[in-house]
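Trainee: Quick one: sequence and predicted model below, then my questions.
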Amino acid sequence: MSEIKTTQTVKWNMHEMEYKANTQESSLPLIPFEEKHYNQYANLMDECFYEMRKALNIRPYEKHSYSLDEPAELKENTFLLLDDDEIIGAVTCAETDIKNVAVSPRHQRKGYGRKLIKFAINHMKNRGDAAIKLTVTKWNKNAIALYESLGFVITTESIVIGVNKQDANGDWSFEFTETKGLEIQ
């Protein structure tokens, strides 16, 4: 491992939100994650989370996929919306948390994000989850508005802290140091 050359502490506000409405109708034809889609899925996550990572100074900006589960772990709870073999959107329905909601930039502003969240709510309610939560950065006002319009309410606001590290080769990595118990990747 290379020697660490630079470290930067970064902080930002996160909201934990909990679903407080009834089951949502969803007719979106999502399929369970398959390993053959992992590279495309990782690229989607990198692309969709780039602006947030840059705005919050989470380095490397272009590599959200560093925080993703291994393909085998994604199989159980991650669902994809495909057009032929291209991923339009994805959502992960973890134990009690909705995570990694992403829509390909080419397909944004067409209602897919809303449909993915409705699918996740319906899926999680049908499997018997008592509570459904998600976390979102306070910076992401559009996502917060979407989640509130679907029946989520902000239950907690916390400051999370992490450290950017740059090694002697110029490569960046990020590590959370304080998440206040929030489910964050």
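Mentor: Noted; the coordinates are in hand. Numbering: from 1, shown residues only.
Trainee: Enumerate every residue touching the residue most central in space within the chain.
Mentor: In the chain, the C-alpha closest to the average C-alpha coordinate belongs to residue 100, at a distance of 2.2 Å (Cα atoms, centre = their mean). Going by Cβ atoms under 8 Å, 6 or more residues apart in numbering, residue 100 touches 45, 68, 78, 90, 91, 92, 185. Bear in mind the C-beta positions are built from the backbone N, C-alpha and C, glycine included.
Trainee: would you put the C-alpha positions of the longest helix along the chain in CSV?
Mentor: Among the elements of the chain assigned as helix by DSSP state H, the one spanning the most residues is helix 38-56. C-alpha atoms of helix 38-56 as CSV (Å, rounded to 0.1, in the frame of the first residue of the first chain):
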residue,chain,number,x,y,z
TYR,A,38,-22.3,-5.9,-12.5
ASN,A,39,-20.0,-3.7,-14.6
GLN,A,40,-22.9,-1.9,-16.1
TYR,A,41,-24.4,-1.5,-12.7
ALA,A,42,-21.2,-0.1,-11.2
ASN,A,43,-20.9,2.4,-14.1
LEU,A,44,-24.5,3.5,-13.5
MET,A,45,-23.7,4.1,-9.8
ASP,A,46,-20.6,6.0,-10.7
GLU,A,47,-22.4,8.2,-13.2
CYS,A,48,-25.5,8.8,-11.0
PHE,A,49,-23.6,9.7,-7.9
TYR,A,50,-20.9,11.8,-9.5
GLU,A,51,-22.5,15.3,-8.9
MET,A,52,-23.4,14.5,-5.3
ARG,A,53,-19.9,13.2,-4.5
LYS,A,54,-18.3,16.3,-6.2
ALA,A,55,-20.6,18.7,-4.3
LEU,A,56,-19.9,17.0,-1.0
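Trainee: so what secondary structure elements neighbour the helix or strand of the chain with the lowest mean pLDDT?
Mentor: Scoring the helices and strands of the chain by mean pLDDT, DSSP states H and E places helix 71-77 at the bottom, with a mean of 83. Using 3 or more Cβ pairs under 8 Å, 6 or more residues apart in numbering; DSSP states H and E as the contact criterion, the elements in contact with helix 71-77 are helix 38-56, strand 86-93.
Trainee: In CSV: the ones you listed, plus mean neighbour count.
Mentor: Below are the helices and strands packed on helix 71-77 laid out as CSV (neighbours: other Cβ atoms under 10 Å):
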stretch, mean neighbour count
helix 38-56, 17
strand 86-93, 21
